[in-house]
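A.B. asks: Next comes the sequence, and after it the predicted model I'd like to discuss.
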Amino acid sequence: MSATDSVPETTPDAGEVTGHAGELAVAVARAHGVETMFTLSGAHVFPMYDGAVKADPPMRILDVRHEQTAAFAAEATGKLTRVPGLAVLTAGPGVTNGISAIAQAQFAGSPMVVVGGRAPQNRWGSGSLQELDQPPIVASITKDARTIPTAAEVPGGFDDAFRVARSSHRGPVFVDIPMDEFFNTATTTVPAASVPRGVDPDTDAIERIARLLADAERPVLILGTDVWADGAEREALELVESAGLPTITNGMGRGVIPGGHPLLVTKARGKALNTADLVVVVGTPLDFRLGYGVFGGKEGSEPARVVHVADSLGQVSSHATLTDSVSGRLADVLSGLAAALDRLDRRSWKAWVEDLQATVREAAARDAELLTAEADPIHPARIYGELLPRLADDAVVIGDGGDFVSFAGKYVEPQRPGGWLDPGPYGCLGAGLGSAIAARLARPSAQVALLLGDGAAGFSLMDVDTLVRHDLPVVMVMGNNSAWGLEKGPMQMIYGYDVAADLAQQTRYDEVVKALGGAGERVTDPAQIGPALDRAFAAGAPYLVNVITDVDAAYPRATFGI
Ligand SMILES: Cc1ncc(C[n+]2csc(CCOP(=O)(O)OP(=O)(O)O)c2C)c(N)n1
Ligand SMILES: [Mg+2]
């Protein structure tokens with residue numbers, strides 16, 4: 001885990017400084033723990049570059065080939081390091097190109113600050129280049145979006161932006177600075193950077209929820225992204241182990257309970273959620289990924305009681321029928337629940353846990369068949385059969401694709417939290433290269449494996465150029481079924497035919513990566529996947545393993561997210 005995972009709660013007040021707005025902005029970002037700005041050049045934001053170059057030590061400038069990559073890299077940095085990522089986007093099209101990633105950060109609760117260039121104030125209304133009023137455009141997909149009107153207000157405005165982005169519930173903040181003021185100089189103070197501590201949870205509610213757990217016969221705990229984002233991963237594991245609670249993880253909650261742990265029952269998810277009598281959901285919304293918060297009631301059981309635990313009041317579900325809820329610092333909620341449960345007499349969950357464990361074993365045996373499939377064309381699951389044994393405990397695994405990434409969600413059970421990046425509930429294709437760039441920087445010595453659908457790759461593959469220019473080795477593993485598979489299957493199901501779902505056959509994306517200065521190969525024989533992955537991990541360069549897969553091996557999907 002990188003040094004940026006631990007940020008001091010406050011940094012000393014840097015005192016009075018004189019500089020142009022870019023220098024002031026960089027000083028504030030650095031005080032908040034930012035190490036890199038992700039950007040694509042535009043004159044409106046030159047002062048940020050000058051500020052980065054002249055800082056002591058200089059701040060890293062990571063320049064990309066599409067602003068979506070800069071913004072996705074900032075989002076992924078926020079997810080991985082829990083320090084807001086910083087994207088610097090030039091005025092107008094630079095900002096609008098970053099919008100999907102900003103929306104994704106809002107949906108996923110990822111802390112990030114996006115700095116936009118802005119046409120000069122002294123010409124506003126005269127039609128200068130890219131004169132776009134940006135805050136109203138991004139207001140609905142950010143926690144805050146505003147123009148900082150003068151250089152002297154930059155330190156305060158930036159500090160606010162970082163504090164808002166990293167306070168619960170986390171998310172993106174947008175600021176822009178008119179060009180004339182960006183180049184202007186001011187003498188001002190750079191405030192001490194403080195990390196918001198979150199809200200104290202209601203201890204009565206914790207006692208009530210502990211009582212519900214103690215009385216439950218078939219409880220299930222679900223741990224989501226905010227368990228990691230809120231720094232509650234240790235307390236979560238302690239609660240699970242001290243109480244013996246069967247647990248399912250999703251999003252960045254994956255790895256909080258390590259893969260193979262006897263209480264991790266994600267592989268028995270259907271049985272667990274269909275027949276539980278109490279489901280306690282922590283740090284993730286009750287959205288389509290969790291059946292909108294309706295559990296139990298199957299196989300002759302009663303509907304389950306549902307408890308929602310969130311990092312902040314606004315995150316507590318308003319649509320689901322909740323038996324109880326609590327909001328606030330998740331570490332305090334989880335340690336409070338462990339302590340309260342310890343004091344209570346509770347039913348034994350032994351038979352329930354053993355039942356789920358038996359289901360996990362059956363599912364694992366079924367998985368093993370596909371993971372070792374010899375099928376020709378290759379079944380996408382076989383790729384994971386080869387990848388899993390090659391992943392180290394601290395690997396960062398990133399998914400950008402449809403069905404191919406759904407298979408990853410099924411088979412990859414990380415050993416540690418903070419190493420799994422999926423797009424989250426916004427589900428935007430194209431985050432792949434930006435996320436991989438961020439992961440390589442945030443975890444310099446870890447494996448970074450980017451799982452790419454052939455369709456998804458089209459959104460960001462040009463940023464292999466960025467990997468090459470900045471010497472960032474990443475292993476890209478492509479499930480190439482020559483189609484938008486996740487759309488082809490459902491369209492067939494609904495209409496009996498499909499259109500707009502096929503891509504060119506077996507495109508040599510590996511040759512594209514080579515042309516950009518990386519390396520790669522195509523694989524058509526299942527026995528060659530493993531050796532190809534070994535070469536990729538040993539390459540020390542951006543490397544694409546382009547595995548040609550069976551388009552008919554669709555992911556067996558129970559929900560389409562509607
Ligand atoms: C930006 C964006 N456009 C379109 C979609 C709709 N979509 C979801 S999955 C998918 C297919 C992805 O194809 P590919 O990456 O090749 O993965 P496969 O399903 O074939 O494994 C599409 C088009 C989306 N989620 N995001
Ligand atoms: Mg595909």
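C.D. replies: That came through, no problem. Ligands and ions are numbered 1, 2, ... in the order given.

A.B. asks: switch to C-alpha atoms for all contacts and neighbour counts from now on
C.D. replies: OK.

A.B. asks: backbone phi and psi for Val475, please?
C.D. replies: With angles defined as degrees, to the nearest 10, Val475 sits at phi -100, psi 120.

A.B. asks: burial of it, as a residue count?
C.D. replies: 26 (other Cα atoms under 10 Å).

A.B. asks: quick one, what contacts it?
C.D. replies: Gln447, Val448, Ala449, Leu450, Ala536, Phe537, Pro542, Tyr543, Leu544, Val545 (Cα atoms under 8 Å, 6 or more residues apart in numbering).

A.B. asks: Which secondary structure element is home to the third one?
C.D. replies: Under the criterion of DSSP states H and E, Ala449 resides in strand 448-453.

A.B. asks: Might you calculate how far that strand sits from the centre of the chain?
C.D. replies: 14 Å (Cα atoms, centre = their mean, to the nearest Å).

A.B. asks: Run me through the strand neighbours of it, direction for each.
C.D. replies: strand 396-400 (parallel), strand 475-480 (parallel) (DSSP bridges).

A.B. asks: Could you report the distance from the closest residue to Pro47 other than its chain neighbours to Arg123?
C.D. replies: Ranked by Cα to Cα, 6 or more residues apart in numbering and with sequence neighbours excluded, the top spatial neighbour of Pro47 is Gly22, at 4.4 Å. Gly22 sits 20 Å away from Arg123, going by Cα to Cα, to the nearest Å.

A.B. asks: Which one's more surrounded, those two?
C.D. replies: Under the neighbour definition other Cα under 10 Å, Gly22 and Arg123 were set side by side, and Gly22 has more, 26 against 12.

A.B. asks: which residue sits closest to His470, ignoring its sequence neighbours?
C.D. replies: Nearest one to His470, counting by Cα to Cα, 6+ apart, is Leu62 at 7.7 Å.

A.B. asks: ditto for Arg65
C.D. replies: Closest residue to Arg65 apart from its sequence neighbours, by Cα to Cα, 6+ apart: Asp463 at 5.7 Å.

A.B. asks: what residues are up against Arg30?
C.D. replies: Neighbouring residues of Arg30 by Cα under 8 Å, 6+ apart: Met59.

A.B. asks: element containing it, please.
C.D. replies: Here Arg30, judged by DSSP H and E, is contained in helix 21-31.

A.B. asks: Off-centre distance for whatever helix or strand comes next after that helix?
C.D. replies: Using DSSP H and E, the helix or strand that follows helix 21-31 in sequence is strand 36-39. Here strand 36-39 is found 18 Å from its chain centre; the criterion is Cα atoms, centre = their mean.

A.B. asks: And for stretch 120-128?
C.D. replies: 38 Å.

A.B. asks: That one: which residues count as buried?
C.D. replies: Applying a neighbour-count criterion of 16 or more other Cα atoms under 10 Å, one finds Pro120, Gln121 buried in stretch 120-128.

A.B. asks: do the same with stretch 499-513
C.D. replies: Neighbour-count burial for stretch 499-513, with 16+ other Cα under 10 Å as criterion, is recorded at Ala501, Asp502, Gln506, Thr507, Arg508, Tyr509, Asp510, Glu511, Val512, Val513.

A.B. asks: again with stretch 331-347
C.D. replies: Ala331, Asp332, Val333, Leu334, Ser335, Gly336, Leu337, Ala338, Ala339, Ala340, Leu341, Arg346.

A.B. asks: Disregarding residues adjacent in the polypeptide, which is nearest to the residue nearest to the spatial centre of the chain?
C.D. replies: Nearest residue to the geometric centre of the chain (Cα atoms, centre = their mean): Leu421, 4.4 Å. Spatial nearest neighbour of Leu421, chain neighbours left out: Ile398 (4.7 Å); criterion: Cα to Cα, 6+ apart.

A.B. asks: my guess is the one you found contacts Gln447, does it?
C.D. replies: No: using Cα atoms under 8 Å, Ile398 is not in contact with Gln447, being 10.9 Å away.

A.B. asks: how would you label the residue nearest to Arg65: helix, strand or coil?
C.D. replies: helix (DSSP: H, G, I helix; E, B strand; the rest coil).
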